[in-house]
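J.: Build me a model from this:
(one chain, ligands or ions: 1)
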Amino acid sequence: MPVLKNISALYTCPPDGGQHDVGEIRNAAMVWADGQIIWSGPEPDLPKIYKGYLTYDARGRMVIPGLIDCHTHLAFGGWRADEFEMRSLGRSYLDIAKAGGGILSSVDATRQAAPEKLLEKCRVLISHIVKLGVTTIEAKTGYGLDLDTELSVLRVYRQLNNIGLIEIIPTYLGAHTIPPEYSKDRRKYMRTIINTVLPMVNIEGSARFIDVFVEDSAFTADEARRILMAGMEFGLRAKVHADQLSACGGAELAAEVGAVSADHLERVTDQGIQRLSKTGVVAVSLPLASFYLKQPPLPARKLIDSKVPVAVATDFNPGSAPSWHLPLAMTMACTMQSMSPAEVLKGATAYAARAISVDDTLGSLQPGMQADFAIIDAPDVNHWLYHFRPNACVATYKKGRALHDVSETEAVYPWY
Ligand SMILES: [Zn+2]
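T.: Prediction:
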């Protein structure tokens, strides 16, 4: 039964409470056993029964729940650095897509990639991601689009879960865009999703969520409704890529079908926010995508003021957000979305867990929750997100076991 002491600030991030309620405990200690949190609180209150157990020293650093990246497109073939150059010189994301680049170029590369290559690529990416304190990620398909490649990507996610470094929550995003072979018959592609791919995804039991990209360049709200309803009949919960490049009714649709999250929302209307506020749908903000596409971010303050929980994720993908750095996205959420560091922390832990329906066990360090946590080399959350550095995380624990731990060997940062 290990005990972690000398924690400058412990953030329990309770699943309930408001956006700013991160359960900060100064001068704290924490106890875990069998992969679960047993006790967390002020160190002077540590019950005597835990005092003889194996003790770790946080050396005055802060402790947070393991970070949850609740929106990634982890598995893809190739990269798109050439498009980055074009966008840097002023060409728009939609222009590049119309010229054959964008998502379709990743579809091409992903279909050509051998599954074992994709697996190895993801495994290496995850070995970096985990060192940032990230213990769970949602990962979407959507760069295969055909039956074989979509199923193959979902199998890659299952194999990654079996490796056991990080927990992967898989989402089927066949409705990412219309594949080139269906460009003249989009209805036929929708029938393929509904009648061919979804039944196989169901048989393999390989996805938990169904997602649709609602956008002028992808699917209308009516088309998305049909696809989401079909997925829900197979027991998948709905997610929506909503109102990213234009207000297409994505937020309204997410509210209507009871989606677990509405992601992006850069162009959400006041009506969309109003609909979300009555439903408990989590708004997932993706500041890296706004940054890379030089777009205004989502109106986080309006959403928070309307009691919509706001999560923060990376949107890691080879086009619009080619970075898996969740703490960087968190600092950007402070500067670009006018959220406080505490609000952002809640958004990358408890609310991120809610956005992928794992908040009964993950995203919080209250007793009974899974012992996923990170030791961050900063005295508190304000210092951490204010002074960005490549990696302030010195230890990542999953189910009470170290995935990465340099807390003893690395010097404590000069916070004086
Ligand atoms: Zn996305």
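
J.: Could you check how far the residue nearest the centre of the chain is from E43?
T.: Centroid-nearest residue in the chain: C70, 2.0 Å away (criterion: Cα atoms, centre = their mean). Applying Cβ to Cβ, to the nearest Å, the value for C70 to E43 is 32 Å. For glycine as for every other residue, the C-beta is placed from the backbone atoms N, C-alpha and C.

J.: so how far is the longest helix belonging to the chain from its chain's centroid?
T.: What stands out as the longest helix in the chain, according to DSSP state H, is helix 147-163. Computed by Cα atoms, centre = their mean, to the nearest Å, the separation of helix 147-163 from the middle of its chain amounts to 18 Å.

J.: Relative to the following helix or strand past it, what are the paired strands and their orientations?
T.: Next in sequence after helix 147-163, counting helices and strands by DSSP states H and E, comes strand 167-175. Sheet pairing for strand 167-175, assigned by DSSP bridges, gives strand 134-140 (parallel), strand 209-213 (parallel).

J.: can you put the ones you listed in JSON lines and add mean pLDDT and mean neighbour count?
T.: JSON lines is the format used below for the strands paired with strand 167-175 (pLDDT from 0 to 100; neighbours: other Cβ atoms under 10 Å):
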{"stretch": "strand 134-140", "mean pLDDT": "98", "mean neighbour count": "28"}
{"stretch": "strand 209-213", "mean pLDDT": "98", "mean neighbour count": "27"}
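
J.: now those strands as CSV including distance to D146?
T.: Converted to CSV, the strands paired with strand 167-175 look like this (distance: least, Cβ to Cβ, whole Å):
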stretch, distance to D146
strand 134-140, 16
strand 209-213, 17
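
J.: right, and those strands - which one's nearest L326?
T.: strand 134-140 (5.6 Å; Cβ to Cβ).

J.: So for the residue nearest to the centre of the chain, what's the pLDDT?
T.: Listed pLDDT for C70 reads 98.

J.: do the one 5 residues further on as well
T.: Predicted confidence (pLDDT) for A75: 98.

J.: Contacts only, for T192.
T.: Neighbouring residues of T192 by Cβ atoms under 8 Å, 6 or more residues apart in numbering: 147, 182.

J.: My reading is that it is in a strand; is that accurate?
T.: No: membership of T192 in a strand is not supported by DSSP: H, G, I helix; E, B strand; the rest coil, which gives helix.

J.: Next, work out how far apart it and S127 are.
T.: For T192, the distance to S127 equals 35 Å [Cβ to Cβ].

J.: Just the terminal-to-terminal distance for stretch 339-351.
T.: For stretch 339-351, the separation between the terminal residues is 14 Å (Cα to Cα, to the nearest Å).

J.: Quick one: residues in contact with it.
T.: If you take Cβ under 8 Å, 6+ apart as the criterion, stretch 339-351 is touched by 11, 13-15, 19-22, 24, 64-69, 282, 285, 300-301, 304, 309-313, 326, 329-330, 333-334, 359, 363-364, 381-382, 384-386.

J.: I'd like the average pLDDT over that stretch.
T.: 98.

J.: swap in stretch 270-277?
T.: On average, stretch 270-277 scores 97.

J.: now stretch 171-181
T.: 96.

J.: Only the C-alpha atoms, please, for that stretch, written as CSV.
T.: Output of stretch 171-181 as CSV, limited to C-alpha atoms (Å, rounded to 0.1, in the frame of the first residue of the first chain):
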residue,chain,number,x,y,z
THR,A,171,-14.2,5.6,-31.8
TYR,A,172,-15.4,4.7,-35.2
LEU,A,173,-15.3,7.7,-37.5
GLY,A,174,-16.1,6.3,-40.9
ALA,A,175,-18.1,9.5,-41.5
HIS,A,176,-14.9,11.6,-41.5
THR,A,177,-15.3,12.5,-45.2
ILE,A,178,-16.6,10.9,-48.4
PRO,A,179,-14.0,8.5,-49.8
PRO,A,180,-12.9,9.1,-53.4
GLU,A,181,-14.6,5.9,-54.8
